[in-house]
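> here's a sequence, model it:
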Amino acid sequence: MDDKIRCAWCNPKNPLYIAYHDTEWCVPNFDDQYLYEMLLLESFQAGLSWECVLNKRESFRKAYDHFDIDKVISYDENKIEELLSNKDIIRNRRKIHASIQNSKIFQSIACEYGSFYNYLRTFTHDRTIYETEKTTNDLSDALSKDLQNRGMTFVGSVIIYSYLQAIGVIHSHDKECYLHKNTERNIPI
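Next comes the predicted model:
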């Protein structure tokens, strides 16, 4: 390992976590495929640590047909039972059902707005938010509420805040972290 100072949450003994922290977390990525994958993974995080989900990410990719949304929205009870018996992913029946329903809603939103990113932009206004030591904000509250009103579950404000950090809308590296950006203002993405 190196001697870089990272965010306090980043387990220095987990190479996957270090790579995620250093190259992915808080880095803007607005490709709809990535936005979809991260939304599903974040919904599985509810009540768990991100490290737990991240450690199972490759298994989720395999189990969820590499997050092919057209396949996921067509999952039937046989596929649900297959997922529930897969010891390499998080086997929570409610979260699995939610992942399928949320996928249908994600696709509907993407069709309505031309892309899921275009939908997000109606909330983010092409801004990056720089803040630390928070778990929710007005943006995560508003986006969470709208997604819930559309029928998504496991998308509370804390989960959505984490999602916005993951996709690079919110930049939250600790002040001591070598990736921290010291800025007093929010800037366009």
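
> so how far is the lengthiest strand in the chain from its chain's centroid?
Once the chain is assigned using DSSP state E, the strand that runs over the most residues is strand 127-130. Centre-to-centre, strand 127-130 and its host chain are 17 Å apart (CA atoms, centre = their mean, to the nearest Å).

> quick check: mean pLDDT of it?
Average pLDDT, strand 127-130: 94.

> begin at 849 from here
Let's use 849 as the start, then, which means that last one is strand 975-978.

> in it, what counts as buried?
Of the residues in strand 975-978, R975, T976, I977, Y978 count as buried by neighbour count, 16 or more other CB atoms under 10 Å. In short, each C-beta sits where N, CA and C put it, glycine included.

> enumerate the positions of stretch 856-867 that are buried.
C858, Y865, I866.

> only C-alpha atoms, please: export the helix or strand hosting N926 in CSV.
Assigned by DSSP states H and E, N926 falls within helix 925-932. Output of helix 925-932 as CSV, limited to C-alpha atoms (Å, rounded to 0.1, in the frame of the first residue of the first chain):
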residue,chain,number,x,y,z
GLU,A,925,-40.2,-15.7,-10.0
ASN,A,926,-37.8,-18.4,-11.2
LYS,A,927,-35.1,-15.8,-11.6
ILE,A,928,-36.0,-14.2,-8.2
GLU,A,929,-35.5,-17.7,-6.6
GLU,A,930,-32.2,-18.0,-8.4
LEU,A,931,-31.0,-14.7,-7.0
LEU,A,932,-32.3,-15.6,-3.5
